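Q: here is a sequence together with a model predicted from it:
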2 protein chains.
Amino acid sequence: MFESAELGHKVAKKVYDEEVPLLREQLLQAQFELSESSTFQTFIIISGVDGAGKGETIKTLNAWMDPRHIRTNVMLKPSAEELERPDMWRFWQVFPPKGKIGIFVHTWYSQALLDRVYGISTNSQLDQHLERIEKFERMLVNEGVLILKFWLHLSKNGQQERFKALEKDPKNSWRVTERDWKHLKLYDKFIRVTERTLRRTSTAEAPWIILEGADSRYRELTIGKAILQALNQRLSAPKNHATTLPVKVTVAKSDNLSVLRSLDLSQTLDKKKYGSMLAKYQGKLALLAREPGFKKISATAVFEGFDAAGKGGSIRRLTGALDPGLYRVIPIAAPTEEEKAQPYLWRFWRHLPRQGMITIFDRSWYGRVLVERIEGFCSESDWVRAYEEINDFEEQLIDNRTLVAKFWLSISQEEQLARFKAREQTGYKRFKITEEDWRNREKFQLYEQAVCDMVDHTSTEIAPWTLIEANDKNLARIKVLRTFCELIEKAL
Amino acid sequence: MFESAELGHKVAKKVYDEEVPLLREQLLQAQFELSESSTFQTFIIISGVDGAGKGETIKTLNAWMDPRHIRTNVMLKPSAEELERPDMWRFWQVFPPKGKIGIFVHTWYSQALLDRVYGISTNSQLDQHLERIEKFERMLVNEGVLILKFWLHLSKNGQQERFKALEKDPKNSWRVTERDWKHLKLYDKFIRVTERTLRRTSTAEAPWIILEGADSRYRELTIGKAILQALNQRLSAPKNHATTLPVKVTVAKSDNLSVLRSLDLSQTLDKKKYGSMLAKYQGKLALLAREPGFKKISATAVFEGFDAAGKGGSIRRLTGALDPGLYRVIPIAAPTEEEKAQPYLWRFWRHLPRQGMITIFDRSWYGRVLVERIEGFCSESDWVRAYEEINDFEEQLIDNRTLVAKFWLSISQEEQLARFKAREQTGYKRFKITEEDWRNREKFQLYEQAVCDMVDHTSTEIAPWTLIEANDKNLARIKVLRTFCELIEKAL
């Protein structure tokens, strides 16, 4: 979930200085239109880890936009009067009216999060709290409110460095408090609770937008652009259906980093080493699958990747280690007539493994947010809500002790071209390359974007994605095998 | 919530025999159109208390409609194979395809309910379970599934009588099991858990339809008509927005009973008795409001009723007992400009009482599902989803220990006419009668329907409605005072 927000995003001063004037002008224009139409209000939620720049972000937003039409609410500890009312009361008191923007720092999420981090509440209670929040936000959306939820993230090291830097700076040292250092110690716990929280409350109508908070220029540009995008989207939506449209915000490419582009595809594994590691991990997998404990759990492995990235080869290395009775490989192509007559997840539910069994999906339910999104096989609302539905689906698997391993096999565009050509020239591989593959290749950038969005939304604390550097087939196969072994080992 | 389902609904054999042939024809026609279009599937859930006729209902539905296009799933205990998969797996296995109807008995609700009744789960865990169900159903609705959820209710006595009657009948005695008698002992607990469950899972897109199960003719006609209504509604909906429309099913008037019509409006309370009871309860209220415990809670009282039903008079009898500093009366008329620029619940949130205080709403948030519904001040989706939103709102009040008393003051149409005329003839009361009152009067039946729907959806275990027989003002005032005193007493 935070993969994209730990890449070290940075925006150069030159770029920033070039982009900001236009962005400010556009934001003011959108704000003016919002104010003129006065048909809806906008809530901007700025949350995140300590030190990720929440305070500075509010300042910037107020400087960039017309502050007369912004109401900024930094919700500190509730007052005595507030404590006598239901929790949500104090937020209702500070709602901006239609036509205005409300910025909220420390929102209805803070208490839910902190109670769980400090062990005051259980997971069930956290979920109950989050359900109330979800209903609250859905009601607001139905009432016309545009909700933008930003989460500013810092890696653990990032947070520590940030605190140190602030403390050294006389102008900013006051910003770092005892509480901040205390929270740093709780970082891991805090992040786990945050992941659960963001996963369960990121809905199609009020999604979380997660971004890296370390670099102020990156942070400001990204948030500014996202607000602009969402405002314009909504201002131009047909009035009677505005509230049923999903909020679709792409974290703008303020720099050139992405989870896929950050992979080091130049890594290799030589043949000899590959041979011995293959033997090692295949042997390990064979033993793990025979452990008595494995009879009480089950596993799924999802393989997605660019065309010709080597999914088939990796799957065969996995199955090569297993008794044929223990696994099934389900290749996912276009749905059958029978499958089309059912909700899209039906075709995957039917193949879920019994205990002690492994189902390997060669392409999977992620088709919804990849090929179906890109080819327009489903509507935009369909694939936007799919992130949430898929997370719910996988949670059900995990709760049932069905492991979920998810592999994205990544290759460069050049490597893909080379493999396509090789396939055309090799008799027995020629069937593997079709017109469609060449067409898909033209959409490489679209796929790249869809994959990054998919990882941002569905790489959860309970079922993370493993990105595989697959330019080198040996390396890819070993990483798949090793990851899968580790997942089972941890569960036994 | 079950008020409407404990009135002793009955349909005469003659009426039944007259209505069934046409209903069957129409159901077959709708089923045919569903099958031809094959654009969506229909799930009919038949749940309810034991002995309320679930089994017979399925039989009838299969007899009335074309069973080749129906898949009936009586989901008994999960098999070993089913237990190895996530809970929902076995339901996914029996989904009917698009164009077909699936009837489900013992559904995804059964386990959640029973676990709580038997104390295996806590309320938090029940809510967590219900949240998963809600997400599951929302996903199905988004995928195009039409979900109809029927709850067949019997009062405690009704259930007992039904078991006895069945046991006596040699043809049916097998229907009554040891388990049934055991469950009867748990009736009260079961109903409490059911109320929570139905309240939290009755959504605009998949509402619960609650009906009385005792009389088989009433039951069958009512369910048959509801299915027909929902099918036709959906079949004629614009295709691209079909799934965003709320499912609006009125429990058809198969007989002439309703919660309002069942009130005995002929009751009276003579002046002398009224005087002494007024003194008694006003004195009691005054003391209760001064108890130290009252400083830790707060209260709201909601007054709704037909025009001229005597809301003002009842409110004054309440406030007459209280220190002026302890309460506020909030009259609710058309919203101000400021209020219009906010979500509709905002104007009520702002007036919530501090601890130790009482807020009396002279008309309330229920305007949404009464006047706004009838006058078309909001869209149909708006008022249909309002039931759920209002229940959520009141749950927040209750959780905060803010009591919620809800009074509907009911008078007959004749009594209303008499009062209108009297007002016109009394100088100082003339301002109380306007053209609008006369216009509203023409909509008496519409209001009657809206009130019944309101009670069905929002008279919950945590905040029940009290229906007040208000043809006699003395009687009404005492019942209001007594109910309010009892509510506070119970909370202290």
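A: Now that the structure is in, tell me what you want to look at. The model shown is predicted, which means the values in this text are computed figures rather than measured ones.

Q: report the contact partners of the closest residue in space to residue A:296 that isn't next to it in sequence.
A: Nearest residue to residue A:296 in three dimensions, chain neighbours excluded: residue A:355, at 6.1 Å (Cβ to Cβ, 6 or more residues apart in numbering or on different chains). C-beta: built from backbone N, CA, C; applies to glycine. Residues in contact with residue A:355 (Cβ atoms under 8 Å, 6 or more residues apart in numbering or on different chains) are A:295, A:296, A:297, A:298, B:84.

Q: list the contacts of residue A:172.
A: Residue A:172 sits next to residue A:166 when contact means Cβ under 8 Å, 6+ apart.

Q: so residue A:237 sits in a helix?
A: No - if the criterion is DSSP: H, G, I helix; E, B strand; the rest coil, then residue A:237 is coil and not within a helix.

Q: quick one, grab the pLDDT at it.
A: Note for residue A:237: predicted pLDDT of 84.

Q: from chain B, how far out is it?
A: According to Cβ to the nearest Cβ, to the nearest Å, residue A:237 stands 14 Å off from chain B.

Q: tally of neighbours for that residue?
A: Using other Cβ atoms under 10 Å in any protein chain shown, residue A:237 has 15 neighbouring residues.

Q: nearest spatial neighbour of it, chain-adjacent residues omitted?
A: Leaving out its chain neighbours, residue A:237 is closest to residue A:245 (Cβ to Cβ, 6+ apart), at 5.6 Å.

Q: just checking, the one you found touches residue A:379?
A: No - counting by Cβ atoms under 8 Å, residue A:245 does not reach residue A:379; the two are 10.4 Å apart.

Q: between those two, which has more neighbouring residues?
A: Using other Cβ under 10 Å, the more surrounded residue of residue A:245 and residue A:379 is residue A:245, with 17 against 13.

Q: show me the beta-bridge partners of the closest residue in space to residue A:70 that isn't next to it in sequence.
A: Distances taken as Cβ to Cβ, 6+ apart put residue A:101 closest to residue A:70, at 4.8 Å, once the chain neighbours are dropped. Per DSSP bridges, the residues bridged to residue A:101 are residue A:42, residue A:70.

Q: tell me how many other residues crowd residue A:101.
A: Residues within reach of residue A:101, counting by other Cβ under 10 Å, total 26.

Q: same question for residue A:370.
A: When counting by other Cβ under 10 Å, one arrives at 20 neighbours for residue A:370.

Q: low-confidence ranges, the stretch 301-450 of chain A, go.
A: Within the stretch 301-450 of chain A, the stretches with pLDDT under 70 are A:427-433.

Q: show me where it has its strands.
A: Using DSSP state E, counting those that start in this stretch, the strands assigned to the stretch 301-450 of chain A run over residues A:327-331, A:358-362, A:402-410.

Q: these: which one's closest to chain B?
A: strand A:402-410 (6.9 Å; Cβ to the nearest Cβ).

Q: parallel or antiparallel, list what pairs with the closest one.
A: As defined by DSSP bridges, the strand partners of strand A:402-410 come to strand A:298-305 (parallel), strand A:465-469 (parallel).

Q: any buried residues in it, and which?
A: Using 16 or more other Cβ atoms under 10 Å in any protein chain shown as the test for burial, strand A:402-410 gives A:402, A:403, A:404, A:405, A:406, A:407, A:408, A:409, A:410.

Q: and the residues you listed, which two are furthest apart?
A: By the measure Cβ to Cβ, A:402 and A:410 form the most distant pair in the buried residues of strand A:402-410, at 25.6 Å.

Q: the stretch 1-150 of chain A: helices as residue ranges?
A: Taking DSSP state H, counting those that start in this stretch as the test, the helices found in the stretch 1-150 of chain A are A:13-37, A:54-64, A:80-83, A:89-92, A:110-117, A:123-142.

Q: mind putting these into JSON lines with distance to residue A:414, mean neighbour count and mean pLDDT?
A: Shown next, in JSON lines, are the helices of the stretch 1-150 of chain A (distance: least, Cβ to Cβ, whole Å; neighbours: other Cβ atoms under 10 Å in any protein chain shown; pLDDT from 0 to 100):
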{"stretch": "helix A:13-37", "distance to residue A:414": "27", "mean neighbour count": "14", "mean pLDDT": "94"}
{"stretch": "helix A:54-64", "distance to residue A:414": "39", "mean neighbour count": "17", "mean pLDDT": "93"}
{"stretch": "helix A:80-83", "distance to residue A:414": "60", "mean neighbour count": "12", "mean pLDDT": "89"}
{"stretch": "helix A:89-92", "distance to residue A:414": "52", "mean neighbour count": "18", "mean pLDDT": "93"}
{"stretch": "helix A:110-117", "distance to residue A:414": "44", "mean neighbour count": "18", "mean pLDDT": "90"}
{"stretch": "helix A:123-142", "distance to residue A:414": "44", "mean neighbour count": "20", "mean pLDDT": "91"}
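
Q: nearest to residue A:182, out of those?
A: Residue A:182 lies closest to helix A:110-117 among the helices of the stretch 1-150 of chain A, at 11.0 Å (Cβ to Cβ).

Q: contacts only, for residue A:446.
A: Residue A:446 touches residue A:374, counting by Cβ under 8 Å, 6+ apart.

Q: the stretch 51-200 of chain A against chain B: which residues are in contact?
A: A:81, A:84-89, A:92-93, A:95, A:97-99, A:122, A:124-125, A:127-128, A:131-132, A:135-136, A:139-140, A:142-145 (Cβ under 8 Å from any Cβ of the partner chain).

Q: change it to 6 Å
A: Selection of the stretch 51-200 of chain A residues close to chain B by Cβ under 6 Å from any Cβ of the partner chain yields A:84-86, A:92, A:95, A:97-98, A:124-125, A:127-128, A:131, A:135, A:139, A:143.

Q: does residue A:470 touch residue A:412 like I think?
A: No - assessed by Cβ atoms under 6 Å, residue A:470 is found out of contact with residue A:412, at 9.5 Å.

Q: so the two - more neighbours on which side?
A: residue A:470 (28 against 18).

Q: distance check, the more buried one against chain B.
A: Noted for residue A:470: a distance of 31 Å to chain B, by Cβ to the nearest Cβ.

Q: ok, that residue to residue A:447 distance?
A: Residue A:470 sits 14 Å away from residue A:447, taking Cβ to Cβ, to the nearest Å as the criterion.

Q: and residue A:57, by the same measure?
A: Going from residue A:57 to residue A:447 by Cβ to Cβ gives 32 Å.

Q: quick one, what contacts residue A:349?
A: residue B:92 (Cβ atoms under 6 Å, 6 or more residues apart in numbering or on different chains).

Q: nope, residue A:474 is what I meant
A: A:269, A:274.

Q: give me that answer again for 10 Å
A: Applying Cβ atoms under 10 Å, 6 or more residues apart in numbering or on different chains to residue A:474 gives the contacts A:268, A:269, A:270, A:271, A:273, A:274, A:275, A:277, A:278, A:310, A:313, A:317.

Q: now residue A:215
A: Applying Cβ under 10 Å, 6+ apart, we find residue A:215 in contact with A:8, A:9, A:10, A:11, A:12, A:16, A:53, A:221, A:222, A:254, A:255.

Q: okay, residue A:241: pLDDT?
A: We have a pLDDT of 66 for residue A:241.

Q: check the one 4 residues further on too.
A: At residue A:245 the predicted local distance difference test score is 71.

Q: does it touch residue A:385 like I think?
A: No - assessed by Cβ atoms under 10 Å, residue A:245 is found out of contact with residue A:385, at 11.2 Å.
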